[in-house]
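Peer 1: give me coordinates for this.
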Amino acid sequence: MEVLIRNFEISDYEEVINLWQLDNLPLKLKGRDNRAQLEQQIKLDQVIFLVAEKGNRIIGTVLATHDGRKGWINRLAVHPDLRRQGLGTLLIKRAEEELRKKGLLLVAALIEEHNSASINLFIQLGYEPHPEIKYFTKKNFPEA
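Peer 2: Below is the predicted model of the structure:
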């Protein structure tokens, strides 16, 4: 598949949100997923936000971050019509590469329990599930 992977630009916002909605990703449009928040996030050194583009159309995304000790892949999306063609793998590997360039030796993925396609993909790529770990959040407001 001829695909260009490049950094997200704020002008991609609407198209990326549409893709995330098409993929049924949980969105917080009044919080961390709103345009202003994403514009601030992409300026941070610890944020790696890549888009996959084919024919001037965004067909995939990966959002990775790090805390200085561990890299996180937490927003992978591939257009439903283009799944099972290696694009998800390509995006994950590119995010891992970018995290390694920043000195990260460990990469983790946040995947919702019902998302078996992503769980299976990450397992195929060598990620190990840790069912004993529970994820907790504390939000400043419900849509954060």
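
Peer 1: where does pLDDT dip in this protein?
Peer 2: When residues are selected by pLDDT under 70, those of the chain lie in 1.

Peer 1: what are the ranges of the strands in it?
Peer 2: Taking DSSP state E as the criterion, the chain carries its strands at 4-7, 47-54, 57-66, 71-78, 107-109.

Peer 1: please convert the ones you listed to a markdown table, extending it with distance to Leu19 and mean neighbour count.
Peer 2: C-beta: built from backbone N, CA, C; applies to glycine. Converted to a markdown table, these look like this (distance: least, Cβ to Cβ, whole Å; neighbours: other Cβ atoms under 10 Å):
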| stretch | distance to Leu19 | mean neighbour count |
| --- | --- | --- |
| strand 4-7 | 14 | 12 |
| strand 47-54 | 9 | 20 |
| strand 57-66 | 6 | 21 |
| strand 71-78 | 5 | 22 |
| strand 107-109 | 19 | 18 |
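
Peer 1: what's the closest of these to Glu14?
Peer 2: Counting by Cβ to Cβ, Glu14 lies closest to strand 57-66 out of the strands of the chain; the figure is 9.8 Å.
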